[in-house]
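# coordinates only, sequence not included:
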């Protein structure tokens with residue numbers, strides 16, 4: 001049957017256009033019940049059970065299917081994902097609304113529907129002749145959809161009544177809309193709120209904890225006094241932003257002071273930060289929310305706080321804010337300050353953390369402390385507090401009323417015992433949004449069939465370089481070997497140097513499931529005792545890994561150089577190589593230093609090392625920075641997998657040797673792909689930091705009588721080289737660590753969407769990533785661009801779509817940043833494990849930052865950084881005077897010893 005849908009649409013020019021669309025209706029759409037004799041052909045896949053199993057309800061003890069409206073689906077998805085909830089009908093009307101309102105929830109419900117054990121069925125009611133309805137005159141789309149849901153429930157119940165079954169199956173409507181529920185009951189439909197139904201599940205009382213708390217104001221348990229001002233409606237915010245009254249930006253909470261945040265304003269050429277201070281001005285914004293901010297008058301501007309405040313410390317917030325006010329008047333480094341007037345987009349996610357059990361006996365309401373210090377504590381209601389205490393759990397935020405100090409939320413999942421390695425690893429992967437689920441069968445189906453070998457077809461457009469003395473140099477235990485090198489003398493006396501990179505793009509073809517999954521993951525994540533691969537293990541540790549004594553496909557960058565490391569010729573080719581040795585940095589260093597070894601591999605390594613030293617000097621002379629960060633390596637027990645030793649990483653000449661040639665290859669490839677694809681090259685840039693970023697570095701050096709110049713990368717590099725103190729040998733390393741903290745994040749970008757290509761840290765006008773395609777998706781795209789540039793492969797539409805490349809870069813930048821944070825969190829956890837059974841350890845520490853109430857220190861031996869608070873519970877308060885101009889803290893007590901024994905707070 002054919003009907004038509006008519007609606008009015010306003011064009012960009014302002015004219016109103018009438019649009020008529022054909023809408024097909026059918027009477028052969030199945031109800032989804034597995035054994036239904038009335039529907040004829042029953043579709044394959046997940047179906048409703050003919051005798052519904054699942055949780056038994058005291059409200060409806062008879063067999064039943066559930067059908068819910070849009071709001072239940074949107075807000076109670078955590079409940080619906082539970083294995084107990086089965087045999088649910090999801091209407092097309094509801095699914096379409098969810099898709100329009102929340103992409104994450106839509107994806108989650110689609111995953112549930114595709115799970116055959118859940119027996120969720122998607123019924124296309126909008127195309128069924130008996131359930132499709134037209135919108136009536138004067139009826140809004142929301143009311144029309146509610147009516148469509150009721151019509152579908154009535155049809156299902158009438159349909160079920162016709163089935164030849166001893167027990168009649170009922171379809172129950174779940175809705176939290178009071179008006180919709182009343183109308184359903186008037187029409188003879190059995191309807192309950194989601195809360196009523198979940199509370200009626202006799203054998204599953206724990207599900208009540210997972211109910212989202214929706215009615216914020218009535219569920220609030222505090223005094224009822226209004227703490228926060230009301231958020232302005234979206235229409236007013238948009239108008240205010242348009243008029244310049246408000247500014248739109250991303251809310252970034254301060255990790256060290258929960259009463260402070262910054263809002264990063266992003267607009268047309270307008271990029272700046274606004275400080276938000278005080279609970280009321282923060283106005284219920286949560287880290288990463290998109291907010292609207294009103295700028296305060298200049299006399300109310302503030303400087304960044306010098307106090308470290310954690311939300312789990314007992315304190316009087318009103319007093320703290322008064323202290324902050326006093327501090328403001330003495331500030332000279334004032335910055336634009338504002339207040340949050342509304343939320344444009346919430347970016348809430350499920351949060352990992354621990355339950356802080358209420359001291360009140362038999363209490364059901366407790367505070368949850370997230371693992372991420374930038375997230376406020378969340379109030380949840382649970383009957384399982386005793387069980388959940390000491391466990392890592394996941395909690396979701398439901399809302400944040402004006403009368404509540406904390407947002408309301410609900411319990412989602414128990415991850416396991418806090419401190420347990422598996423649990424803590426799961427927490428850090430979830431907290432940093434690292435995709436770590438096993439690769440699906442669809443993805444794995446695109447891998448080459450084993451046994452694999454190189455064919456004649458593979459050799460097309462490919463050079464045979466198996467005769468070259470190629471070797472790889474990597475950290476110990478490395479199985480995903482991306483790169484290999486060679487160096488040999490040519491007949492004309494010049495040197496030929498080759499960087500050979502795994503040809504991953506040969507195995508991962510554009511657009512298939514394997515390619516999409518790799519693009520989504522973006523990068524391999526290296527934790528202390530495991531790695532989360534970007535590509536399946538068959539590729540990462542076998543077919544793409546350039547292991548020794550096996551033929552492997554590669555992408556080679558080959559230079560002809562003179563003995564002064566000047567490049568005379570550059571060429572790129574797809575190739576086949578056979579690595580002659582897989583060496584560690586230490587093994588390669590031993591060969592270079594050994595007087596008795598003069599084989600081809602060793603000679604090649606010595607040639608590479610000699611050239612690398614020249615290349616490094618040339619880079620540094622141009623202004624490339626040599627920074628520092630405290631990195632540690634763990635020695636893991638082979639049986640318990642616990643760390644048994646911890647030491648800072650020692651870098652050898654061979655580390656620098658490999659790095660220099662990887663940098664050179666990346667720069668050479670960047671120039672080539674930009675020359676060929678000026679609008680579509682995927683490049684990497686490192687923006688120069690704004691001058692204010694260097695304040696902490698300049699102040700730190702000044703306190704030791706040293707001057708750091710920051711006019712350019714060259715000036716910074718030179719002044720860091722000269723910043724030495726004979727009485728304090730570690731000072732230079734500390735200043736380089738601080739300089740690292742001043743830097744901006746390096747980012748991927750599409751050349752057609754930006755004009756500033758410069759890489760500040762490397763002092764290079766152009767740069768990209770080509771050398772690690774096993775562990776970075778950016779490199780795969782660069783390989784594809786280079787292959788097209790040299791005629792070794794064909795292009796495809798997305799490769800030359802700069803908008804799609806820009807979106808891809810956005811995801812890659814996010815994944816890269818999260819991977820770095822996850823790796824640091826893994827090091828921090830394993831450091832904690834290492835010290836767990838050590839008792840008290842005395843080590844020398846250096847002060848990195850001075851705050852009003854604490855110092856941040858670094859213990860070089862362990863690469864460990866932490867906060868030492870001056871005030872300790874039940875101990876006398878020290879007499880200290882803080883000077884914020886130079887970040888200096890002095891004691892008023894006489895005869896204070898210079899070296900102090902202090903306890904580090906992790």
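Okay, I see it. Every value quoted in this text rests on a predicted model; they were computed, and no experiment measured them.
# quick one, what contacts the closest residue to residue 130 other than its chain neighbours?
Spatial nearest neighbour of residue 130, excluding adjacent residues (Cβ to Cβ, 6 or more residues apart in numbering): residue 155 at 5.2 Å. Heads up, the C-betas are built off the backbone N, CA and C, glycines and all. Taking Cβ atoms under 8 Å, 6 or more residues apart in numbering, we find residue 155 in contact with 128, 130-131.
# any chance of those residues in a markdown table, plus pLDDT?
What follows is the contacts of residue 155, written out as a markdown table (pLDDT from 0 to 100):
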| residue | pLDDT |
| --- | --- |
| 128 | 90 |
| 130 | 90 |
| 131 | 92 |
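# could I get these as CSV with neighbour count?
Formatted as CSV, the contacts of residue 155 follow (neighbours: other Cβ atoms under 10 Å):
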residue, neighbour count
128, 20
130, 14
131, 23
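# Please tabulate the residues you listed in JSON lines and include secondary structure and distance to residue 357 as additional columns.
As requested, the contacts of residue 155 are exported to JSON lines (DSSP: H, G, I helix; E, B strand; the rest coil; distance: Cβ to Cβ, whole Å):
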{"residue": "128", "secondary structure": "strand", "distance to residue 357": "51"}
{"residue": "130", "secondary structure": "coil", "distance to residue 357": "53"}
{"residue": "131", "secondary structure": "coil", "distance to residue 357": "49"}
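# and which of the residues you listed is nearest residue 617?
Nearest to residue 617 out of the contacts of residue 155 is residue 128 (Cβ to Cβ; 75.4 Å).
# Look up how far residue 427 lies from the closest one.
To residue 427, residue 128 is 45 Å away according to Cβ to Cβ, to the nearest Å.
# re the thing from before, closest to residue 468 out of the contacts of residue 155?
Checking the contacts of residue 155 against residue 468 by Cβ to Cβ gives residue 128 as the nearest, at 67.4 Å.
# Touching, the closest one and residue 27? I think so.
Yes: between residue 128 and residue 27 a contact is recorded at 7.3 Å, counting by Cβ atoms under 8 Å.
# ok, residue 231 - contacts?
With Cβ under 8 Å, 6+ apart, residue 231 has these contacts: 283-284, 341-343.
# Tell me which helix or strand it sits in.
Using DSSP states H and E, residue 231 is not contained in any helix or strand.
# same deal with residue 172?
Residue 172 is part of strand 170-174 when elements are defined by DSSP H and E.
# returning to what we had before: relative to residue 91, which of the contacts of residue 231 is nearest.
When the contacts of residue 231 are compared for distance to residue 91 (Cβ to Cβ), residue 343 wins out at 29.9 Å.
# Assign a three-state SS to that closest one, would you?
strand (DSSP: H, G, I helix; E, B strand; the rest coil).
# list the contacts for it?
Residues counted as contacts of residue 343 (Cβ under 8 Å, 6+ apart) are 231, 284-285, 289-292.
# try residue 304
260, 275, 333, 335.
# Likewise for residue 762?
619, 624-625, 663, 686.
# In a strand, residue 571, correct?
Yes: under three-state DSSP, residue 571 sits within a strand.
# Could you pick out the longest helix of the protein?
Assignment by DSSP state H gives helix 802-836 as the longest helix of the chain.
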